[in-house]
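Trainee: here are the coordinates; sequence isn't available:
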């Protein structure tokens, strides 16, 4: 604890995930007064075909 | 907001996802008094091997 | 299966949840070719203090 | 209801998922006083590249 | 990792949650070949008014 | 999109949530090359009684 879950469109590089994990963990540990060791970050890709806003799939825009 | 997440077995076509996104967004916007623009719909496929009821995987039935 | 999860700000009435459950279930069963009995809808309230867009809590707007 | 969601690294065999579904369903039905038929178990694989602890991706360790 | 999430109707006692956490953790650690220390179990109550099957809220049945 | 979900023990102040929303949104927008406006952050409290590690509820430690 804490567990942070990041849902994004696919396409982020390994380096971007590394940087995101580091930056989010640092922010959470500092601001919420917990430790980096206790902080888990999970990335989940959502394909553009699986994400809609205003009733319209992102892949159709 | 609102965020609607639909977990289903794989196999829906692009057209079915389009129609689902449109119908769910319309229902949510009308009934919950929000706007289509504020409504997000996310689809997540769950493989039959990854879904169990009564302790039995759906892929084994 | 399917499982539909609806995250919204608090404040919808019991009648709105009834109507939403009915409308979403009907849309999913018809469009995804499943049965109403197999369709689960879960509502989860998210307080305005617990939801941010553009880095700003909804309760601060 | 209940719905149990298990997030793990990839690599469990079909037999392990069968056994997990059976054991978790039995535990939940017995202890929470519900029925196996009402108990759903969903498995979701999280790649090592998509999981970080202490700000470090599991795939980098 | 693994993270197990259990969604149930409210009303389980502290003792039931203790027993569930212990039994699920043991099953996951044994069957998925991981350690109890690496296994997290999270309980989330879903009110009967917030759960529908076949388009009908559980609180209305 | 992206949607970031932060599960923590209760007890963070409104100011901490403001700061977390701002810092996480900035990190995600910068690193994942998206906009703050497209970034949603959701906080979800998990009571210590509802969180277990190594088969033991956090409220029992």
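Mentor: Yes, it's here. In this text the structure is predicted, and so the values were computed from the model without any measurement. Numbers count the residues shown, from 1 in each chain, chains lettered A, B, ... in the order given.
Trainee: Can you point out the buried residues in the helix or strand residue A:15 falls within?
Mentor: Counting by DSSP states H and E, the secondary-structure element that holds residue A:15 is helix A:14-31. By neighbour count, and taking 16 or more other C-beta atoms under 10 Å in any protein chain shown as the criterion, the buried residues in helix A:14-31 are A:17-25, A:27-29, A:31. C-beta: built from backbone N, CA, C; applies to glycine.
Trainee: angle of that helix against helix F:14-31?
Mentor: Computed by axes from the mean of the first three to the mean of the last three C-alpha atoms, to 10 degrees, the angle separating helix A:14-31 from helix F:14-31 equals 170 degrees.
Trainee: And helix A:14-31, what does it pack against?
Mentor: Helix A:14-31 sits against strand A:3-8, strand A:40-45, strand D:51-53, strand D:56-57, helix F:14-31, with contacts defined as 3 or more C-beta pairs under 8 Å, 6 or more residues apart in numbering or on different chains; DSSP states H and E.
Trainee: and of the ones you listed, who's closest to residue C:51?
Mentor: For these, the distance to residue C:51 is smallest for helix F:14-31, at 8.9 Å, taking C-beta to C-beta.
Trainee: Would you format the helices and strands packed on helix A:14-31 as a markdown table with distance to residue F:42 and mean pLDDT included?
Mentor: As requested, these are exported to a markdown table (distance: least, C-beta to C-beta, whole Å; pLDDT from 0 to 100):
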| stretch | distance to residue F:42 | mean pLDDT |
| --- | --- | --- |
| strand A:3-8 | 9 | 98 |
| strand A:40-45 | 14 | 98 |
| strand D:51-53 | 19 | 98 |
| strand D:56-57 | 23 | 98 |
| helix F:14-31 | 10 | 98 |
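Trainee: Of all those, which one comes closest to residue E:35?
Mentor: That would be strand D:51-53 among the helices and strands packed on helix A:14-31, by C-beta to C-beta, at 13.8 Å.
Trainee: Was I right to think residue A:26 contacts residue D:55?
Mentor: Yes: using C-beta atoms under 8 Å as the test, residue A:26 is close enough to residue D:55 to be in contact (6.5 Å).
Trainee: Pull up the overlap in contacts between those two.
Mentor: Common contact partners of residue A:26 and residue D:55 (C-beta atoms under 8 Å, 6 or more residues apart in numbering or on different chains): residue A:36.
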